[in-house]
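K.L.:
Quick one, what's the 3D model for this:
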Amino acid sequence: MISNGNKVDDIMVCIKSVLSVFFLLVIFLIAPMDAATFSVIVFEKTSNSTLSIPYALVYANNAYLGRTDKDGTLSFTLPGDGPYPVSVVKPGYTTFSGEIDANNMSILVPLTKGDENVSIQLFDADSVTPVSDADVLIRGVNISTMLKSDSNGSVNFFVPGQNSYNIEMSAAGYDPRIEHIDVSVEDQNLQYWLYKEGRSSIIVSDENNRPISGATVINDDQTVGTSNDNGIVVLHLSPGVSYPVKIRKDGFAEKSITLTGSDRHALEKVTLNKAEDQVSILVYNGTHEAVAGAQVSFNGTIAGSTNEFGRLRSTGFYRGTINVSIVHPMYEPVNTEVTFDQGDNEKIFILEPARVSAVLNLMDDNGTIIRDAQVKMNGIEMGFTDNDGNILLMTAKGEPIHVTVNKSGYQPLSTDIPVPGDLNSLNITLKLTKIVKKEVPAPMAIENYTWLLAVPVILIACLIIGLILRRKEHKGHRRGGRDL
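P.N.:
Residues are numbered from 1 along each chain as shown. Below you'll find the predicted structure:
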């Protein structure tokens with residue numbers, strides 16, 4: 001990654017390049033046509049040797065001319081004999097300024113390394129407060145400087161860049177600390193923790209090296225520490241004494257280690273593995289009957305199928321919230337989030353029957369669509385057939401249905417229809433039979449037989465007349481007898 005400082009340097013180089021082109025054009029336009037070739041050789045002289053400095057930036061009259069090669073040399077041509085002001089710039093070194101002319105057409109440019117600021121701040125590892133009055137020593141080639149930290153725990157050193165250094169830190173009541181640093185051509189700001197004498201730390205993490213907070217450290221059945229958000233537990237142990245401890249965290253397997261107290265700060269790294277749990281899934285239907293053969297998956301991974309008792313037992317890393325899915329061809333699938341807590345390892349699921357869409361079509365024996373027919377399923381009115389003679393019925397897979405159909409002018413229909421368990425939709429056609437009315441012969445005309453009505457009247461009249469005449473005759477016989 002390019003730092004902001006390098007970006008600024010590159011921008012300045014571009015600006016100076018544009019100016020240099022302008023400068024050279026001006027020189028060529030106003031100067032005589034005679035040109036001279038000049039060269040610079042850039043190097044660093046140490047106590048033991050002389051080192052060429054490649055890629056140094058060379059400017060003449062503030063115009064950028066180029067970079068030195070791997071041997072630290074750059075040759076260039078300028079109109080006339082000069083003199084021209086020359087400057088050489090190399091990050092991490094002091095800047096050279098000089099002059100070049102016909103009498104001095106090749107110049108040697110010695111560069112010395114510039115100093116970089118190394119700022120160091122010290123903190124107490126427990127209280128995170130600055131450690132003042134600490135001795136901080138920086139060692140390098142031909143350099144060894146010691147300073148005391150101020151009230152902010154800070155010291156500042158100015159050292160040549162592009163070098164390596166050792167930093168030695170010590171303070172009363174703290175374990176000494178030594179760090180190695182590399183100083184490039186930029187200032188550095190460093191922070192270090194100092195650990196108190198006799199302090200022991202445990203860093204608790206999981207298999208992925210992520211810190212575990214809330215892990216308890218137990219010694220002799222007593223909790224002696226709990227890990228913070230960074231997974232660190234700070235303990236103070238007596239030097240030379242061994243302490244058997246257990247590290248516990250819900251959802252992880254317990255781990256036992258032995259810590260030994262020391263005069264110096266001791267650091268122990270502990271990795272906890274997730275604990276395996278045995279969980280049970282119980283699957284029932286709406287009538288609380290066990291559902292066998294239901295496929296159960298945890299977080300998208302198939303764990304198995306329920307047995308004849310509707311139970312699946314599985315061992316794995318199930319502590320916490322996980323996704324559970326249950327699939328059975330005769331029931332609606334279940335996909336939900338459940339939480340397994342410590343001591344809560346059994347979950348019960350009630351499955352709803354899988355639904356089948358059954359389209360019932362009604363027609364007569366001639367194939368004519370029957371509209372507005374009343375349809376009942378299992379005794380429940382479902383509605384009337386539409387203009388196409390259809391009605392949609394929703395039912396459970398594998399359960400037969402009883403259908404009753406009524407329509408004026410047709411004989412009622414009542415029948416059982418099987419519903420296969422391997423279908424999601426079903427088309428059913430039923431036929432209704434029309435009611436046929438028998439023709440009754442027309443009655444004979446009454447006026448043609450009215451004489452029959454007179455027969456009993458005449459007979460009765462004759463009987464009455466006969467009785468009257470007989471009675472009169474009987475009376476006449478009685479009168480004649482008296483006369484005699």
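
K.L.:
Quick check: Leu267 touching Ile203?
P.N.:
Yes - counting by CB atoms under 8 Å, Leu267 does reach Ile203; the two are 6.9 Å apart. Quick note: C-beta positions are derived from backbone N, CA and C, even for glycine.

K.L.:
Give me the more crowded residue out of the two.
P.N.:
Each of Leu267 and Ile203 has its neighbours counted (other CB atoms under 10 Å); Ile203 has more, 17 against 11.

K.L.:
What distance do you get for that one to Gly304?
P.N.:
38 Å (CB to CB, to the nearest Å).

K.L.:
Break this protein down into its domains, please.
P.N.:
4-110, 115-194, 199-271, 277-350, 355-432 (automatic domain parsing).

K.L.:
May I ask you to confirm that Val42 is in contact with Ala56?
P.N.:
Yes - shown here, Val42 and Ala56 form a contact pair, counting by CB under 8 Å, at 4.5 Å.

K.L.:
To Arg470, which of the domains of the chain lies closest?
P.N.:
domain 355-432 (67.0 Å; CB to CB).

K.L.:
follow-up on the earlier one: between Val42 and Ala56, which is the more surrounded one?
P.N.:
More neighbours surround Val42 than the other of Val42 and Ala56, with 27 against 24 (other CB under 10 Å).

K.L.:
what distance separates the helix or strand that one falls within from the middle of the whole chain?
P.N.:
Using DSSP states H and E, Val42 falls within strand 35-45. Its chain's C-alpha centre and that of strand 35-45 lie 62 Å apart, by CA atoms, centre = their mean, to the nearest Å.

K.L.:
Pull up the pairing partners for it, direction included.
P.N.:
strand 50-52 (antiparallel), strand 73-79 (antiparallel), strand 106-110 (parallel) (DSSP bridges).

K.L.:
Columns mean pLDDT on top of those strands, output as TSV?
P.N.:
Shown next, in TSV, are these (pLDDT from 0 to 100):
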stretch	mean pLDDT
strand 50-52	89
strand 73-79	90
strand 106-110	90
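
K.L.:
what's Pro85 in contact with, if anything?
P.N.:
Contact analysis of Pro85 by CB atoms under 8 Å, 6 or more residues apart in numbering lists Ala60, Asn61, Asn62, Ser97, Gly98, Glu99.

K.L.:
quick one: which of those residues sit in strands?
P.N.:
If you go by DSSP state E, the contacts of Pro85 have Ala60, Ser97, Gly98, Glu99 in strands.

K.L.:
if I look at the residue nearest to Thr429 when sequence neighbours are not counted, how far off is Thr73?
P.N.:
Computed as CB to CB, 6 or more residues apart in numbering, the closest residue to Thr429 that is not its neighbour in sequence is Asn361, at 4.7 Å. Per CB to CB, Asn361 is found 99 Å from Thr73.

K.L.:
same question, Val183
P.N.:
Distance, Val183 to Thr73, using CB to CB: 28 Å.

K.L.:
Name the residue in the two with the higher neighbour count.
P.N.:
In terms of neighbours (other CB under 10 Å), Val183 is the more surrounded of Val183 and Thr73; the figures are 22 against 16.

K.L.:
before we move on, back to that, switch the domains of the chain over to a markdown table; also include distance to Pro456.
P.N.:
Formatted as a markdown table, the domains of the chain follow (distance: least, CB to CB, whole Å):
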| stretch | distance to Pro456 |
| --- | --- |
| domain 4-110 | 139 |
| domain 115-194 | 135 |
| domain 199-271 | 113 |
| domain 277-350 | 77 |
| domain 355-432 | 46 |
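
K.L.:
quick one, what contacts the closest residue to Tyr93 other than its chain neighbours?
P.N.:
Closest residue to Tyr93 apart from its sequence neighbours, by CB to CB, 6+ apart: Leu111 at 4.1 Å. With contact taken as CB under 8 Å, 6+ apart, Leu111 is in contact with Val42, Phe43, Glu44, Ile53, Ala56, Val88, Lys90, Tyr93, Thr94, Phe96.

K.L.:
what sits against the second one?
P.N.:
Phe43 makes contact with Thr50, Leu51, Ser52, Ile53, Gly72, Leu108, Val109, Pro110, Leu111 under the criterion CB under 8 Å, 6+ apart.

K.L.:
Around the fifth one, how many other residues sit close by?
P.N.:
Using other CB under 10 Å, Gly72 has 23 other residues around it.

K.L.:
Mind pulling up the pLDDT for it?
P.N.:
On the pLDDT scale, Gly72 is placed at 92.

K.L.:
Can you tell me how far it is from Tyr243?
P.N.:
62 Å.

K.L.:
Make CSV out of the contacts of Pro85 and add distance to Phe384.
P.N.:
Formatted as CSV, the contacts of Pro85 follow (distance: CB to CB, whole Å):
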residue, distance to Phe384
Ala60, 103
Asn61, 103
Asn62, 99
Ser97, 105
Gly98, 108
Glu99, 111
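
K.L.:
Looking at these, spot the one nearest Asn366.
P.N.:
Asn62 (108.8 Å).

K.L.:
Can you give me the pLDDT of that closest one?
P.N.:
At Asn62, pLDDT is 83.

K.L.:
now do Ser119
P.N.:
Ser119 is given a pLDDT of 92.

K.L.:
And for Val204?
P.N.:
In this model, Val204 is scored at 93, pLDDT.

K.L.:
can I assume it is in contact with Val270?
P.N.:
Yes - between Val204 and Val270 a contact is recorded at 5.2 Å, counting by CB under 8 Å.

K.L.:
more neighbours, these two?
P.N.:
Counted by other CB under 10 Å, Val204 and Val270 do not tie: Val204 has more neighbours, with 27 against 18.

K.L.:
Contacts only, for that one.
P.N.:
Pro211, Ile212, Ala215, Ser227, Gly231, Ile232, Val233, Ile247, Lys249, Val270, Leu272.

K.L.:
Distance-wise, check the third one relative to Thr73.
P.N.:
When distance is defined by CB to CB, Ala215 is 63 Å away from Thr73.

K.L.:
And for the fifth one?
P.N.:
Computed as CB to CB, the Gly231 to Thr73 distance reads 56 Å.

K.L.:
swap in the second one?
P.N.:
Separation of Ile212 from Thr73 (CB to CB): 60 Å.

K.L.:
Narrow the contacts of Pro85 to those that are buried.
P.N.:
Neighbour counting with 16 or more other CB atoms under 10 Å marks Ala60, Asn61 as buried within the contacts of Pro85.
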